[in-house]
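*Asks:* Need coordinates for the following:
(one chain, ligands or ions: 1)
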Amino acid sequence: MTTSTVHYRTCPLCEAMCGLEIQVQDDEVRRIRADREDVWSRGFLCPKGTTLGHLHHDPDRLREPMVRDGDRWSAVGWDAAFARCEELLHGVRDTAGPGALTAYIGNPVAHNFSLGRYVGLFMGVAGFPMIYSAGTVDQWPKNVACALMYGNMWLIPAPDIARTDYWLVMGGNPQASQGSLLACPDVLGEIDRIRERGGKTVVIDPRRTGTADRADEWVPIVPGTDAALLLAIAHVLFEDGLVDLGDVAELVVGVDAVRAACRDFTPEAVAETCRIDAATIRRLAHELAGARRAVVYGRIGLCNQEFGTLASWLVDVVNVLTGNFDRPGGMMFGKPIAWPLASLPNPQWANGYQFGRWRSRVRGAPEVLGQVPVSCLAEEIATPGEGQIRGLVTIAGNPVISAPDASRLDAALGGLDAMISVDNYLNETTRHAHVILPGLSALEQPHYDELIWSWASRSAGNYSPAIFPRLDRPHEWEILARLGGLCAGMRNDDIDVGALDDGFCTALIEATGLTPEVVLGHYDHGGPERLLDLTIRTGPWGDRYGAVPDGLTLESFRAEPHGIDRGPMVPRAREVVCTRSGKIELAPDYILGDLPRLRSRLGRASDGLVLISRRHLRSNNSWMHNVQVLMKGKDRCTLLIHPDDAARAGVAHGGVARISSEAGALDVPVEVTDEMMPGVVSLPHGWGHDLDGVQLSVAREHAGVNNNRLAPGHLVDEISGNAVVNGIPVEVVPA
Ligand code: SF4
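*Replies:* Have a look, this model is predicted:
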């Protein structure tokens, strides 16, 4: 007899957090569609969300630990896998010392119920001197700006686009990503609604993206010059008397320093560099200041570029100067129902943020927020000497695809003495591992996003129980706790995962001001659900363990399969800003110190071609290329080039071009299109699946090329260390 059930859960793949209705027959996912009753997404979803069943049933997904001996992989039991991890990790510690071990943390960690809550425990127990992460290819400049302006690197404000009248989008393409550091379902629908209420959306981007197509205006810009444009906008605001800080006026310090900083960045001074005429810049400034409610939003294209921190900082500066900070329709701080662990003060920076506390061994890159550029990893592995990295743990990351100078990292990983990967696939990176420890599929574990609600347009939440609960395998949080112990030199037999978890939970309870013994007494289980319950109950709407009648608990969410919504964003800068001055620091010296570098950029000619990256709606970095239904249709890994540039380079639509940079060369099919501005070409990121040993049968059939093989590792935004993967000088010729 067959049994059919319907489940409601949140799609964990991106920041849109769409509600799904999943029909299961026996043990098989039969259909996934939008949950129209989801209080947050209200029936919105994208093609990726319907494929969670494909991911769950994917025959390439690893379900058992894998151990490598030479080129041969064997599936083993968990005890044998952890025993091998102990042998490998302790071998490195014993011969080269604990400083020879490190970790790479991938972007999916932020979207995983277990990993997102326990990666901190892993790093704390392991005690690595330093780690690497996808953060320094992604949003590190925003973290730096927010650390200095608001006092916490994860206190990142988000645009309240559901209530704005004027939205200026820079370096972001929500049509493909659905929003990043911005959680709002159906962002394109919001653009339509802004227009319906008489407003306007302007997209500033070197490429006429799908978002630009939906917007009211597209303004092309030379990659890497957004900071100059924003300074010119700020200049006009001051010059024309348009500065009005509104409700946050007495909370902001540093306005005069900003006025001085932008004095010589006139529209005329930056026009040629940005390739935007001065009149347009002046008009944009006046439109921002004149709109009833306006907001500037900058995302990945502003972060992973030459002046990432300046640009990311200036987005918020312009929002403050126009009175659009901390008010509905402007830039606001989210108010999560369950507080994120990252919101706790970090004792490292109890005396304020300092940078360059130490430098990387090989190139001397300064530490920024505890990390150095991820491109340092290859040289730290490959360069012999005291402190050489000999052992690596990768967690849900594929840096061979996603990190700059990818060829070099690919080569370096093969030389490690110990590499352990927590990952569900044998991919371009994990093929170098000695042991792969697979986590659960999204449908085998509960879900409730952790950090992402921090930049959501509403205070909502949705708990998703596991559809296919697994009691026979360790969950990722248990894997991380055990691995952390092994990295710290503990023996397998001595590691008490439950005790580590209790200690972690106790520290979090202490941070809430409650008594750990009392709170722990409420639970007969540990793990991420206990942490979730704790963060809900001690959050803004929580029951504080009975002290607040009718307050929320995890049980409240279990009773509401379509989620709970406590309303839109509210002004809360006074509540959350935690700089040492207690004020919004509009002009941090550390960031202002980078202005001379930008000034010198104004004099630099930009007459050659530069490369930018892009993403497609059916793609999600490198994660989704093994899903057949998403890979159908025309080849998406193509070089986009403007007709004038194509003619100059002698390449034709449908032909194959060779694109080269100082880091490497690739042959790739050409798409000639006027969606690119002249002088800029584009490749998608997340491709290049044809490497030996990769076990991704669908992705291999649509391998594409890895754009990060063209990204020189030394190109970074100097004050954040974030990789520059937008604006890489390249040459294009017929292949
Ligand atoms: S937009 Fe797509 S990938 Fe993102 S949460 Fe919604 S369904 Fe999932």
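*Asks:* For the residue nearest to residue 661 when sequence neighbours are not counted, list the residues it contacts.
*Replies:* Nearest non-adjacent residue to residue 661, counting by Cβ to Cβ, 6 or more residues apart in numbering: residue 710, 4.3 Å away. Backbone N, C-alpha and C define where each C-beta goes, glycine included. Taking Cβ atoms under 8 Å, 6 or more residues apart in numbering, we find residue 710 in contact with 611, 659, 660, 661, 663, 664, 665, 666, 683, 728, 730.
*Asks:* Over to whichever residue of the chain sits closest to the ligand. Which of the three states is it?
*Replies:* Residue of the chain nearest the ligand, by Cβ to the nearest ligand atom: residue 49 (2.3 Å). When classified by DSSP: H, G, I helix; E, B strand; the rest coil, residue 49 comes out as helix.
*Asks:* Check the one 3 residues further on too.
*Replies:* At residue 52 the chain is in helix, as set by three-state DSSP.
*Asks:* That one contacts residue 443, correct?
*Replies:* Yes - with contacts counted by Cβ atoms under 8 Å, residue 52 reaches residue 443, the gap being 6.0 Å.
*Asks:* what touches both of those two?
*Replies:* Taking Cβ under 8 Å, 6+ apart as the criterion, residue 52 and residue 443 both touch 22, 29.
*Asks:* where does this protein come near the ligand, residue by residue?
*Replies:* 11, 13, 14, 16, 17, 18, 45, 46, 48, 49, 178 (Cβ under 6 Å from any ligand atom).
*Asks:* Okay, helices next: where are they in the stretch 501-650 of the chain?
*Replies:* 516-520, 528-537, 554-558, 573-576, 589-592, 595-602, 628-631, 643-649 (DSSP state H, counting those that start in this stretch).
*Asks:* mean pLDDT for these: which is lowest?
*Replies:* When the helices of the stretch 501-650 of the chain are ranked by mean pLDDT, helix 628-631 comes last with a mean of 92.
*Asks:* List of residues touching stretch 83-95?
*Replies:* Residues from elsewhere that reach stretch 83-95 (Cβ under 8 Å, 6+ apart): 67, 76, 100-101, 390-391, 417-420, 434-435, 437, 483, 486-487, 489, 491-492.
*Asks:* my bad, stretch 263-283
*Replies:* 219-222, 225-226, 228-229, 231-236, 240, 599, 601-602, 604, 606, 677, 679.
*Asks:* same thing but at 10 Å, please
*Replies:* For stretch 263-283, contacts defined as Cβ atoms under 10 Å, 6 or more residues apart in numbering pick out 202, 204, 206, 217, 219-222, 224-236, 238-240, 284-285, 595, 598-599, 601-606, 677-680.
*Asks:* Can you give me the neighbour number for residue 472?
*Replies:* Using other Cβ atoms under 10 Å, residue 472 has 6 neighbouring residues.
*Asks:* again, but for residue 561
*Replies:* Counted by other Cβ under 10 Å, the residues lying close to residue 561 total 19.
*Asks:* again, but for residue 407
*Replies:* The tally of other residues near residue 407 (other Cβ under 10 Å) stands at 16.
*Asks:* same check, this time on residue 647
*Replies:* By other Cβ under 10 Å, 12 other residues sit near residue 647.
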